[in-house]
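# return a 3D structure for these sequence lines:
(one chain, ligands or ions: 1)
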Amino acid sequence: MDRNQQMLDLMALGPVIPVLVIEEADQAVPLAQALVAGGLRVLEVTLRTPVALECIARIAADVPDAIVGAGTVNRPIDADAARQSGAKFLVSPGSTAALLDEMDKTHLPYLAGAVTASEVLGLLERGLTALKFFPAEPAGGINYLKALAGPLPEIRFCPTGGIDLAKAKQYLALPNVPCVGGSWVVPKEALAAGDYARIETLAREAASLTP
Ligand SMILES: O=C(O)C(=O)C[C@H](O)[C@H](O)COP(=O)(O)O
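Alright, predicted model coming up:
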């Protein structure tokens, strides 16, 4: 099966991919367990903190029901580092030729970021139809994605950036949006306080949305 199809299959596993910013490696496993208990299995650990790669490795090793990927894959060298840590998929906020080449070399499925029709067409030329739409809200949100669905009906977007539970419901009603991403499921203060029960509750609410 090709990697684009693998990414489409991952997008179909749940309506929300939580976007995680983890400051302490010891938070990774209980956080992932809470999200999985709430019904969210596909998790994006952003490479925004020094412990991100270690968090990916710990989740991959210790939370078998989670499917952990790396987000904020911004530099070409991030792609293989994430793969070596155990990431099962990659997410980048935008796309460059060098970054796409390195993501291809990992043989992992990935969500490359696009906003404009030209960016989407560039990715389509590489066989990619599973894309990230970032930053969703500032870039034009639901109306923008509705407009892209006209000429580009085969593209499936995971919008992220500025989405909460209420907005997620609206995005998921679009035919070209099988899932959304967002950090709202893991409020910074809940993670800092170790309030995994609250995180599980937020995950359960998110998981109950229907695409
Ligand atoms: O880090 C990445 O790879 C990104 O592309 C950006 C994230 O998906 C958004 O920053 C999440 O947005 P919020 O839900 O508004 O916090």
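# burial of residue 2, as a residue count?
10 (other C-beta atoms under 10 Å). C-beta here means a position set from N, CA and C on the backbone, and glycine is covered the same way.
# for it, which non-adjacent residue is closest in space?
residue 127 (7.2 Å; C-beta to C-beta, 6 or more residues apart in numbering).
# with residue 167 instead?
residue 137 is the one closest to residue 167 (C-beta to C-beta, 6+ apart), at 7.4 Å.
# what does the helix or strand hosting the one you found rub up against?
Secondary structure from DSSP states H and E places residue 137 in helix 136-139. For helix 136-139, contacts defined as C-beta atoms under 8 Å, 6 or more residues apart in numbering pick out 115, 133, 145, 159, 160, 161, 162, 163, 167, 171, 180.
# packing partners of the helix or strand just after it?
Where DSSP H and E defines the elements, the next helix or strand beyond helix 136-139 is helix 141-149. Under the contact criterion of 3 or more C-beta pairs under 8 Å, 6 or more residues apart in numbering; DSSP states H and E, helix 141-149 touches strand 156-159, helix 165-172.
# any idea which of the ones you listed is most buried?
Stretch with highest mean neighbour count among the helices and strands packed on helix 141-149: strand 156-159 (a mean of 26; mean count of other C-beta atoms under 10 Å).
# remind me which residues of the protein are low pLDDT?
Applying pLDDT under 70 to the chain picks out residues 1.
# which stretches in it count as helices?
For the chain, the helices defined by DSSP state H cover 3-11, 28-38, 52-62, 76-85, 97-105, 117-124, 136-139, 141-149, 165-172, 188-192, 196-207.
# okay if I get the ones you listed as CSV plus distance to residue 111?
What follows is those, written out as CSV (distance: least, C-beta to C-beta, whole Å):
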stretch, distance to residue 111
helix 3-11, 6
helix 28-38, 18
helix 52-62, 16
helix 76-85, 13
helix 97-105, 10
helix 117-124, 10
helix 136-139, 13
helix 141-149, 15
helix 165-172, 15
helix 188-192, 23
helix 196-207, 18
